[in-house]
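A.B. asks: no FASTA, just this:
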C-alpha cells in the first residue's frame, strides 16, 4: 500500500479532535474522494488526512469563505503542502476576510522551514507579498533559508523575483560576495551575473572589473567550474578574435601559457616568467578549450598534455595554418606555434588509440569547433581523401571525391573524412521506430565509433545544428560529458578512459549486437481474456543486476536509450552504460523507443568496477569480464532496454490504460521466441521505474 502521510505533519495535528465530533462542523456533509469502484491500488490515507480533505471538498463546493474554512485549509496544507488547489482556496479566503497578512507570512515561513523545496508554498508566499507589499523582512528571511541550503532553487528564484519587482538591488552584490567566499557556490555566481545584468549591464568598464574579480577566484581554485562558468557568461559580451588588429603580440605570445597556468598551475607553464598575466580577451578562448583540456588531463595525468618531446612543427606552421592567422602574426614565436603544439599532443592521443579512429568532420556544421581538429587531421593523415555518404542508402559504398581541393577548401556537411576507413566499408544502419532490425559489429568497430564520439566528431546530432531526421535520436558525442563537470561526471570519464586504455593495449576480437524489437499491433495481448498465472519470483538484496549471470538483464531505460549517461545522470542505466562503454554505440544507431518497442544489447563487455550510486558513484578499478561467448563470439550477456512511464502525478499510474502500456512494454521484451523449453530464460530485474519516474513498487511487482 502507498502511504501518503506527510512527513511535515505538526505534532499538534496528531491530537486534533475529529471534525465529525466538533459542533461547529455539524452542518457539513463531507464529500469522500471517489477512487472508482475497483481501484487498482487503494491508497492508504490516514484517517485524519482522509477526513480533512473530505471536508475541504465539501466547503470548496459551497465556496465557503469563513474563519473555520481558513483554519481547515491550514490543517490541509500542513498535511499536504504540495496541494496547490488548497493553497489557492486559502488565498481567496484570506483576501475575502481581509486577514492580517503579516500573520500569514509567519505561517508560510514555518511551512518553508519544514518544506523548503515545495514550490507551492513559495508561490503562495509570492502572492501574499504581492498583495500586501510587505517586503521589509523578505531579504533577511531569504538569507536564512539560503544559509541553510545555498542550492535551494526555489529560494533563489523567489529572491530574483523580489529584487526585480521591488528594485531591492542595493547591497545585493555585497551579499553575493559573502556567499562567493565559498568559491564553489555556483548559485552565488549565477546571482552575481543576474544582478549585474539587471543593474549596470555588462558595459566595457564593468567587464574589465568582473574579469579581474573572477581571475582572482580562478587563481585561488583553478579547477572550480563555477568560476569558469561565470567566465563563459561574460564571454557572451566580448568575443575573442585572434585576427583583431588590436590584439597585442604579448597577448598572442602568452595565451596558451595562460591557459596552462590558469587551469593546471603547472610550473612549466611559466615559460621563464615569474608570473603570467591573464589577458582579458583570453576568456572565450579558455572557455572553448576547457572541456577538452580537462578530459585529456584525466587521460594522461602524469605528463598532460605538454610532454617534453616536441615534434618539428615549423612545416605545419608554414603549410597548414589558416592564412588569416599568418597575416596577423608578426613574430616567429606566436600563438600559431602553441596551437600546433596543442594539436600535436592530440595527435599523440590518436597514436594511443592505435589508429582506430575514423574521423568524421563536417566543417559547416561545427566549423568553429572543428578548426583545431582539421589542422590535426591534415597533419596526421595527409594522404587521406574525403568521402560522400548517402544516408538513405547504407548498402552503397561511400564515393571518394577525386578533387582533393574540395577537401581542403570546402568543409561542408556532405563530405566526411575517413583516415581509418578500413573499419567500415559501409555506414552502420540505423534502428528506427517501427522496425525489427539488428546491427552486429566487431568490438574493434565499436571502439572506432566510440573514439569518434569521444572527440565529438559525429555531425547532425548536436543541438542546435541537429538535422530534423535525427531529432528522435540521442546525441552520441561526448560534448555534454565535458561541460559543467561534476564529480560523478569525472568518475564516468575515468571508466570510459579506462575502456580506451584496455582496448588499445589489447583489442578484444568479439562481436556485439544491437537489436530493435517492435511488436506489431495484431500481436498485442488481449489482457482481459488471459488467465495465465504469475511466474515464480525470487527476491535478493545481495546482488546487482549485472552480477546475475545467464539471465536476461533489464536496463531501466529512458525512451531515448542511454538516458543521461553523457550528461549528469548516474543511476541504473547510466552506470551500466559507463561500465560497459560498448553500449554507448546504441546512442548512435537507435531511435527513440515507442510503447511497443524494446532494444536488446547483446555481447557488450564490462571493463570497470564501481562503487556507490548517483552522486556517490565512483570508478573502482579494472574489471575482468570472464563471461563465456556464444557461437557468434559474443559475450553471453543479454541486456534489454525498456523504458517505464514517467509519472509527474503518481496517481496517474493506476489508470488502466497506463497499466496496460507497462504490461505491453514488458511483454514485448520478455515474450518467449518459441514454444519449446529451450526458449525459457530467467529475468534479472528490480524496481523498474520506481525511482525518479515515481512508479509504485507494489504495482510494478504485480505486473
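C.D. replies: Everything's here; your move. Just so you know, these numbers come straight off a predicted model, no measurement behind them.
A.B. asks: Nearest spatial neighbour of residue 632, chain-adjacent residues omitted?
C.D. replies: Among residues not flanking residue 632 along the chain, residue 511 sits closest, at 5.4 Å (C-beta to C-beta, 6 or more residues apart in numbering). C-beta coordinates here come from the backbone N, C-alpha and C atoms, glycine included.
A.B. asks: Report how many residues lie close to the one you found.
C.D. replies: Applying other C-beta atoms under 10 Å, we find 20 residues neighbouring residue 511.
A.B. asks: Who are the contact partners of it?
C.D. replies: 440-443, 603, 632-634 (C-beta atoms under 8 Å, 6 or more residues apart in numbering).
A.B. asks: Please name the strands paired to the longest strand seen in the chain in the sheet, noting orientation.
C.D. replies: Across the chain, the longest stretch assigned as strand under DSSP state E is strand 511-518. Strand pairing for strand 511-518, determined by DSSP bridges: strand 437-442 (antiparallel), strand 597-602 (antiparallel).
A.B. asks: Let me know which of those is tucked in deepest.
C.D. replies: For those, average neighbour numbers computed from mean count of other C-beta atoms under 10 Å are highest in strand 597-602, which has a mean of 23.
A.B. asks: which outside residues touch that strand?
C.D. replies: So strand 597-602 is contacted by 431, 433-434, 438, 512-519, 555, 557, 561, 583, 586, 590, 593, 634, 637-642, 665, 668-669 (C-beta under 8 Å, 6+ apart).
A.B. asks: Please apply the same query to stretch 130-150.
C.D. replies: Taking C-beta under 8 Å, 6+ apart as the rule, stretch 130-150 contacts 95, 101-102, 105, 109, 112, 116, 128-129, 152, 155-156, 158-159, 162, 165-166, 168, 175, 179, 182, 185, 187-188.
A.B. asks: Filter those down to just the buried residues.
C.D. replies: 101, 105, 112, 116, 128-129, 152, 155-156, 158-159, 162, 175, 179, 185, 187-188 (16 or more other C-beta atoms under 10 Å).
A.B. asks: doesn't residue 553 fall inside a helix?
C.D. replies: No - assessed with DSSP: H, G, I helix; E, B strand; the rest coil, residue 553 is strand; it does not lie in a helix.
A.B. asks: and residue 686, how many neighbours?
C.D. replies: 14.
A.B. asks: hang on, isn't residue 442 packed against residue 513?
C.D. replies: No - using C-beta atoms under 8 Å, residue 442 is not in contact with residue 513, being 11.0 Å away.
A.B. asks: Need phi/psi at the closest residue to residue 594 other than its chain neighbours.
C.D. replies: Distance criterion C-beta to C-beta, 6+ apart; nearest residue to residue 594, sequence neighbours excluded, is residue 433 at 5.5 Å. Reported as degrees, to the nearest 10, the phi and psi values for residue 433 are phi -60, psi 140.
A.B. asks: Next: residue 590.
C.D. replies: Dihedral angles (degrees, to the nearest 10) for residue 590: phi -110, psi 120.
A.B. asks: Which element is encountered next along the chain beyond whichever helix or strand residue 574 is part of?
C.D. replies: Using DSSP states H and E, residue 574 sits in helix 572-579. Of the helices and strands lying after helix 572-579 in sequence (DSSP H and E), the nearest is helix 585-589.
A.B. asks: Against which helices or strands is that following helix packed?
C.D. replies: Other helices and strands packing on helix 585-589, by 3 or more C-beta pairs under 8 Å, 6 or more residues apart in numbering; DSSP states H and E, are helix 443-454, strand 511-518.
A.B. asks: mean pLDDT lowest for which of these?
C.D. replies: Looking at the helices and strands packed on helix 585-589, the lowest mean pLDDT belongs to helix 443-454 (a mean of 81).
A.B. asks: Run through the bridge partners of the closest residue to residue 431 other than its chain neighbours.
C.D. replies: Nearest non-adjacent residue to residue 431, counting by C-beta to C-beta, 6+ apart: residue 516, 4.0 Å away. Legend: beta-bridge partners of residue 516 under DSSP bridges are residue 437, residue 599.
A.B. asks: pLDDT weak spots in the stretch 201-350 of the chain?
C.D. replies: Within the stretch 201-350 of the chain, the ranges that satisfy pLDDT under 70 run 222-223, 232, 235-350.
A.B. asks: average pLDDT across stretch 472-487?
C.D. replies: The model assigns stretch 472-487 a mean pLDDT of 82.
A.B. asks: packing partners for the host helix or strand of residue 609?
C.D. replies: Residue 609 is part of strand 608-611 when elements are defined by DSSP H and E. Here strand 608-611 touches helix 487-505, helix 572-579, strand 618-622, going by 3+ C-beta pairs under 8 Å, 6+ apart.
A.B. asks: Could you single out the most deeply buried of those?
C.D. replies: helix 572-579 (a mean of 25).
A.B. asks: which other residues reach that helix?
C.D. replies: 492, 495-496, 545-546, 555-558, 562-565, 570, 583-584, 606-610, 613, 617, 623, 639, 641, 686, 691.
A.B. asks: what do you get if the cut-off is 7 Å, keeping everything else the same?
C.D. replies: Helix 572-579 has contacts (C-beta atoms under 7 Å, 6 or more residues apart in numbering) with 492, 495-496, 546, 555-558, 562-565, 583-584, 606-608, 610, 617, 623.
A.B. asks: go on, stretch 117-128?
C.D. replies: 81-82, 84, 87, 91, 101, 104-105, 108, 111-112, 115, 152, 154, 158, 161.
A.B. asks: State the mean pLDDT of that stretch.
C.D. replies: 95.
A.B. asks: which of the residues in it are buried?
C.D. replies: 118, 120-128.
A.B. asks: relative to strand 597-602, how tilted is the helix holding residue 574?
C.D. replies: For helix 572-579 against strand 597-602, the angle by axes from the mean of the first three to the mean of the last three C-alpha atoms, to 10 degrees is 30 degrees.
A.B. asks: pLDDT (mean, whole number) over the one helix or strand residue 163 maps to?
C.D. replies: Per DSSP H and E, residue 163 falls inside helix 153-166. Here helix 153-166 scores 95 as its mean pLDDT.
A.B. asks: Next secondary structure element downstream of it?
C.D. replies: helix 172-179.
A.B. asks: Show me the contact partners of that next one.
C.D. replies: Against helix 172-179 from outside (C-beta under 7 Å, 6+ apart): 150, 163, 185, 188, 191-192, 195.
A.B. asks: buried set for that helix?
C.D. replies: Counting neighbours by 16+ other C-beta under 10 Å, the buried set in helix 172-179 is 172, 175-176, 179.
A.B. asks: closest to residue 654 among those residues?
C.D. replies: residue 179 (44.1 Å; C-beta to C-beta).
A.B. asks: ok, now how distant is the closest one from residue 144?
C.D. replies: For residue 179, the distance to residue 144 (C-beta to C-beta, to the nearest Å) stands at 13 Å.
A.B. asks: swap in residue 505?
C.D. replies: For residue 505, the distance to residue 144 - C-beta to C-beta - is 55 Å.
A.B. asks: can you count the residues close to residue 625?
C.D. replies: If we define neighbours as other C-beta under 10 Å, then residue 625 has 15 of them.
A.B. asks: got the contact list for residue 94?
C.D. replies: Contacts of residue 94 by C-beta under 7 Å, 6+ apart are 101, 104.
A.B. asks: pLDDT weak spots in the stretch 551-700 of the chain?
C.D. replies: 672-680, 689, 691-700.
A.B. asks: Many thanks, we can stop here.
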